[in-house]
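> coords please:
(chains A and B)
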Amino acid sequence: GAVVSQHPSWVICKSGTSVKIECRSLDFQATTMFWYRQFPKQSLMLMATSNEGSKATYEQGVEKDKFLINHASLTLSTLTVTSAHPEDSSFYICSASLAGPYEQYFGPGTRLTVT
Amino acid sequence: GDSVTQMEGPVTLSEEAFLTINCTYTATGYPSLFWYVQYPGEGLQLLLKATKADDKGSNKGFEATYRKETTSFHLEKGSVQVSDSAVYFCALRRNSGGSNYKLTFGKGTLLTVNP
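Sure, this is the predicted structure:
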């Protein structure tokens, strides 16, 4: 299957700082990318869907000004957690797919810890 | 809204035991159904899928049948191995453009197989 990478795999940042997480599709052009958040022993919660070249669509309850998503190319999407707080500590996972009902390929995830 | 309910774990089995992980869903229309697996420290991988009623998805000895009458997609394997130890997620995807083809996940079931 297609390969999706995330960078960094883990990051520790101080409260109040911003951190950027990259999601790359390595061997296909991903028209659509999804960002999820996974809490310990819980399901993946979809945060937002981004289509290349357009604004992301955020799920209800997700602060768009806090979680900035950019999908500037067909192989790269970024999630920036702005003014991070300890409650933002989580496992963030991206997935990428072609537009339409195609398989989503998942990245390995990024563990964010805010101190 | 759409939802997926799967049996809570953890599930602990001995090698070569029979596995069933129950999954039921609520959705309008005719969603596609999926099982994903997440091995320790890795991202989600698609295990199997079914796109219409009575379809059976299968892969690596795992099977699941799309039962519309019971809105279920239970995962089964006749003889588990230690290497099957992972978290298993049931998911659905509504097949309409308005939904952006996003996935809705269950909470995941941790399976541990002992030698």
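
> strands paired with the helix-or-strand element of chain B with minimal mean pLDDT, and their directions?
Scoring the helices and strands of chain B by mean pLDDT, DSSP states H and E places strand B:103-105 at the bottom, with a mean of 92. Strand B:103-105 has the following strand partners under DSSP bridges: strand B:86-93 (antiparallel).

> where does chain A come near chain B, residue by residue?
A:1, A:4, A:6, A:32, A:34, A:41-44, A:46, A:49, A:57, A:93, A:95, A:97, A:100-104, A:106-109 (Cβ under 8 Å from any Cβ of the partner chain). C-beta coordinates here come from the backbone N, C-alpha and C atoms, glycine included.

> mind checking which of those residues are buried?
For the residues of chain A next to chain B, a burial check counting by 16 or more other Cβ atoms under 10 Å in any protein chain shown picks out A:4, A:6, A:32, A:34, A:43-44, A:46, A:49, A:93, A:95, A:97, A:104, A:106-109.

> list the contacts for B:Asp55?
For B:Asp55, the residues meeting the contact criterion (Cβ atoms under 8 Å, 6 or more residues apart in numbering or on different chains) are B:Thr65, B:Tyr66.

> repeat that with 6 Å
Listed by Cβ atoms under 6 Å, 6 or more residues apart in numbering or on different chains, the contact set of B:Asp55 reads B:Tyr66.

> and the least confident of the buried ones among the residues of chain A next to chain B?
Across these, the smallest pLDDT goes to A:Ser43, namely 83.

> contact partners for the spatially most central residue of chain A?
With distances taken as Cα atoms, centre = their mean, A:Trp35 lies nearest the centre of chain A, 3.6 Å away. With contact taken as Cβ under 6 Å, 6+ apart, A:Trp35 is in contact with A:Met47, A:Ala48, A:Leu79, A:Cys94.

> please redo it, this time with the cut-off set to 8 Å
A:23, A:46-50, A:67, A:69, A:77, A:79, A:92-94.

> what's the first helix or strand after the strand or helix carrying B:Tyr36?
Taking DSSP states H and E as the definition, B:Tyr36 sits inside strand B:32-38. Counting by DSSP H and E, the next helix or strand C-terminal to strand B:32-38 is strand B:44-50.
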